[in-house]
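1. give me a 3D structure for the following:
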Amino acid sequence: MPHNRTLCSLLREQTDRFGDRPAVVSHGQATSYRALADAASRVAGGLAARGIGRGARVGILAENRREWLEAAFGAATLGAVAVPLSTWSREGELDYLIGDATLDALFAVESFGGQDFAAALARLQPEHQRLRTVVMIGEARRPDWLAYDEFIAAAEPMTGDDAGPRDDAFILYTSGSSARPKAVRLQHGATVENGFNIGERMALTENDRVLLAPPLFWAYGAVNALPAALTHGAALVLQPRFEAGGWLDLIERQRCTAIYTLPSMTGAAIRHPEFRRERLASLRTGLMIGSPEEVRIAATGLGAAQICNIYGATETYGNCAVTPAGWPLDRRMVSQGPPLPGMRIRIVDPETGRALPANEAGAVEVAGLVTAGYCGASAEHNQAAFTADGYFRTGDIGLLDADGDFRFVARGSDIIKRAGINVSPAEVETLLLRHAAVAQAAVVGAPAGERGEAIVAFVVPAPGSEIDGEALRQHCRALASAYKVPDRIEICAALPATETGKIFRRGLKDQAAALLAAAPSGQRRIC
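-> Okay, here's the model as predicted:
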């Protein structure tokens with residue numbers, strides 16, 4: 001484990017060890033550890049010259065690219081806090097985020113994903129008087145803005161480290177149970193330590209190339225892939241935004257050995273017309289969020305044979321449980337592994353708070369390397385989010401088996417209550433995915449009167465396959481109890497996804513409710 005416990009000092013330590021080896025590959029260009037550290041020191045120097053220092057908030061509004069890392073490590077050098085902003089944010093959302101985060105400086109791309117950020121910021125900046133420094137990665141459209149390349153070239157390098165291990169490194173905004181995104185504080189020491197432990201479970205070394213297409217502004221990127229790769233001297237290969245063809249090209253061209261993937265990404269890659277297993281021959285390991293069948297598909301379909309199953313949240317530095325890469329696949333499929341070092345997971349009765357025995361599902365609570373709390377407007381959630389003895393209430397349902405391995409059951413709000421019986425959507429999805437003609441599946445509950453909720457499944461067929469809803473129900477009946485068989489199966493061309501690539505379950509719940517209200521029985525293509 002690296003001995004340094006701040007991002008700035010970590011980068012310097014790894015520069016001493018790996019100097020001219022690649023730290024990041026972006027837009028086909030490799031940047032060495034030495035060059036990344038030099039650019040970060042210039043970012044810090046340029047910000048310091050403008051009166052920005054320890055504790056200041058530095059926003060980053062950019063897709064996955066080298067400059068994102070330079071800005072984040074530059075802020076760390078100052079002891080400032082990096083605040084990544086989603087590139088899916090609309091102008092009104094940016095207005096809220098800039099104000100809630102009390103940004104002192106902002107690094108931003110002119111545009112991305114069809115959005116003109118420069119125009120939006122020109123309208124917004126006068127409303128946020130604290131935001132005096134705007135550095136554009138591209139052309140500076142206003143005279144009081146700075147162009148990134150000129151900003152770097154003119155800056156004097158800053159070589160100090162004003163941060164401490166318990167200082168905030170990032171504030172990440174995460175959506176979920178509240179109307180507004182919550183601002184999650186994440187500290188230097190825990191980011192480095194937990195990132196290293198995640199990389200250990202993946203068996204990363206300095207010879208690995210880790211492909212990241214999910215956004216750096218998400219915990220999967222900023223406090224997971226980034227510290228996991230850099231604490232091991234590996235290279236982080238960035239794709240600006242996931243696109244299956246480009247993803248396959250990057251793996252083949254950069255000889256990537258590890259991937260950060262999601263079920264939607266895995267499915268899109270395998271269905272891509274240019275997919276061939278031999279193109280992915282370099283893959284070995286990585287991280288995967290998904291059901292047992294989705295983990296199996298990533299391991300056997302993509303060829304990432306040592307893919308790790310994971311569990312966590314932004315508040316737990318991305319992951320708090322990861323299966324070791326060396327475990328047999330069947331064990332990695334059914335659990336998310338033991339808690340990471342420094343993490344404690346307990347399962348309690350959601351009504352009484354009583355600790356539950358092994359193999360009994362209940363509410364999941366986590367302590368150890370967890371957020372110090374929310375800030376900004378979302379600080380109002382702190383009291384409800386933590387127990388009196390410091391455990392974070394995840395809102396999820398899970399269990400610990402007799403070996404101490406964690407098994408995710410469902411998000412608390414996703415559990416289907418069917419005729420008085422709790423049904424896990426993930427379990428039904430696994431049943432469906434065991435059918436050879438099913439490429440993707442998502443299961444939600446919908447109101448069904450006295451029966452509580454009906455089980456509604458949305459299924460994407462495998463390429464070239466025909467699927468019959470009744471045949472799929474018969475398939476499920478042959479494998480599981482009758483109460484787990486979907487009441488309705490809808491055949492879809494694709495599943496809706498959130499900005500970060502997860503299945504958009506809230507939208508599917510609305511569709512399922514509308515379907516049952518309009519036509520309680522029968523099959524109909526809806527998406």
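
2. ranges for the helices of the stretch 251-400 of the chain?
-> Assigned by DSSP state H, counting those that start in this stretch, the stretch 251-400 of the chain shows helices spanning 263-271, 292-296, 329-334, 382-385.

3. for the least confident helix or strand in the chain by mean pLDDT, name the packing helices and strands.
-> Here the helix or strand of the chain ranked lowest by mean pLDDT, DSSP states H and E is strand 421-423, holding a mean of 74. In terms of contacts (3 or more C-beta pairs under 8 Å, 6 or more residues apart in numbering; DSSP states H and E), strand 421-423 is packed against strand 416-418. All C-beta atoms are positioned from the backbone trio N, CA, C, and that covers glycine.

4. just give the closest residue to residue 36, not the sequence neighbours.
-> residue 23 (4.6 Å; C-beta to C-beta, 6 or more residues apart in numbering).

5. over to residue 70?
-> residue 39 (4.3 Å).

6. repeat that for residue 138.
-> The nearest residue in space to residue 138 (C-beta to C-beta, 6+ apart) is residue 110, at 4.1 Å.

7. helix, strand, or coil at the residue nearest to residue 36?
-> What DSSP: H, G, I helix; E, B strand; the rest coil gives for residue 23 is strand.

8. was I right to think it contacts residue 32?
-> Yes - assessed by C-beta atoms under 8 Å, residue 23 is found in contact with residue 32 at 6.2 Å.

9. these two: who's more crowded?
-> Counting neighbours by other C-beta atoms under 10 Å for residue 23 and for residue 32 shows that residue 23 has the greater number, 26 against 17.

10. quickly note the distance from that one to residue 2.
-> Distance, residue 23 to residue 2, by C-beta to C-beta, to the nearest Å: 14 Å.

11. what's the strand or helix carrying the residue nearest to residue 70 packed up against?
-> Under the criterion of DSSP states H and E, residue 39 resides in helix 33-48. Packing partners of helix 33-48 (3+ C-beta pairs under 8 Å, 6+ apart): helix 7-18, strand 22-26, helix 66-78, helix 148-154.

12. need the next SSE after it, C-terminal direction.
-> strand 57-61.

13. chain neighbours aside, what residue packs nearest to residue 503?
-> Counting by C-beta to C-beta, 6+ apart, the residue nearest residue 503 is residue 442, at 4.9 Å.

14. mind listing what that neighbour touches?
-> Going by C-beta atoms under 8 Å, 6 or more residues apart in numbering, residue 442 touches 425, 429, 457, 458, 495, 503, 505, 508.

15. any chance of these in CSV, with distance to residue 99, secondary structure and neighbour count too?
-> Formatted as CSV, the contacts of residue 442 follow (distance: C-beta to C-beta, whole Å; DSSP: H, G, I helix; E, B strand; the rest coil; neighbours: other C-beta atoms under 10 Å):
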residue, distance to residue 99, secondary structure, neighbour count
425, 37, helix, 25
429, 39, helix, 26
457, 42, strand, 28
458, 38, strand, 27
495, 34, coil, 21
503, 31, strand, 23
505, 30, helix, 21
508, 33, helix, 23
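
16. which of those residues sits closest to residue 375?
-> residue 505 (27.6 Å; C-beta to C-beta).

17. just give the nearest non-adjacent residue to the closest one, would you?
-> Closest to residue 505 by C-beta to C-beta, 6+ apart is residue 444, at 5.8 Å.

18. over to residue 391?
-> With C-beta to C-beta, 6+ apart, the residue lying closest to residue 391 is residue 365, at 3.9 Å.

19. what's in contact with stretch 84-94?
-> 59-63, 68, 72, 97, 109, 112-113, 115, 117, 120-121, 123-124, 170, 172-173, 215-217, 222, 499.

20. okay, buried residues for stretch 422-435 please.
-> 423-435 (16 or more other C-beta atoms under 10 Å).

21. so what does the residue most central in space within the chain have for phi and psi?
-> Central residue of the chain (C-alpha atoms, centre = their mean): residue 220, 3.1 Å from the mean position. Per-residue torsions, residue 220: phi -60, psi -30 (degrees, to the nearest 10).

22. please name the residues that touch it.
-> By C-beta under 8 Å, 6+ apart, the contact set of residue 220 is 214, 260, 287, 318, 500.

23. picking up where we left off before, list residues touching both of residue 23 and residue 2?
-> With C-beta under 8 Å, 6+ apart, residue 23 and residue 2 have common neighbours residue 14.

24. what about this structure, any weak spots by pLDDT?
-> 175-179, 419-420, 450, 499-501, 519-527 (pLDDT under 70).

25. please redo it, this time with the cut-off set to 50
-> 521-527 (pLDDT under 50).

26. please parse it into its domains.
-> Following automatic domain parsing, one gets these domains for the chain: 7-183, 189-411, 415-518.

27. and the angle from the helix holding residue 39 to strand 57-61?
-> Relative orientation of helix 33-48 versus strand 57-61 (axes from the mean of the first three to the mean of the last three C-alpha atoms, to 10 degrees): 120 degrees.

28. name the residues that touch helix 33-48?
-> 8, 11-12, 14-15, 18-24, 31, 53, 56, 58, 66, 69-71, 73-78, 80, 105, 133, 135, 146, 151-152, 154-159, 233.

29. and the angle from it to strand 22-26?
-> Inter-element angle recorded for helix 33-48 and strand 22-26: 70 degrees (by the same axes, to 10 degrees).

30. how about helix 33-48 as CSV, C-alpha atoms only?
-> Taking C-alpha atoms only, helix 33-48 is exported to CSV below (Å, rounded to 0.1, in the frame of the first residue of the first chain):
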residue,chain,number,x,y,z
TYR,A,33,2.8,10.0,-14.0
ARG,A,34,5.5,12.7,-14.2
ALA,A,35,3.6,14.8,-16.7
LEU,A,36,0.3,14.4,-14.7
ALA,A,37,2.0,15.6,-11.5
ASP,A,38,3.6,18.5,-13.3
ALA,A,39,0.3,19.6,-14.8
ALA,A,40,-1.5,19.3,-11.4
SER,A,41,1.2,21.4,-9.8
ARG,A,42,0.6,24.1,-12.4
VAL,A,43,-3.1,24.0,-11.9
ALA,A,44,-2.5,24.5,-8.1
GLY,A,45,-0.1,27.3,-8.8
GLY,A,46,-2.5,29.1,-11.1
LEU,A,47,-5.3,28.8,-8.6
ALA,A,48,-3.1,29.9,-5.7
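
31. if we can go back for a sec, can you list the contacts of residue 220 in a markdown table and add neighbour count and distance to residue 345?
-> Formatted as a markdown table, those follow (neighbours: other C-beta atoms under 10 Å; distance: C-beta to C-beta, whole Å):
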| residue | neighbour count | distance to residue 345 |
| --- | --- | --- |
| 214 | 24 | 24 |
| 260 | 24 | 22 |
| 287 | 30 | 18 |
| 318 | 28 | 15 |
| 500 | 18 | 23 |
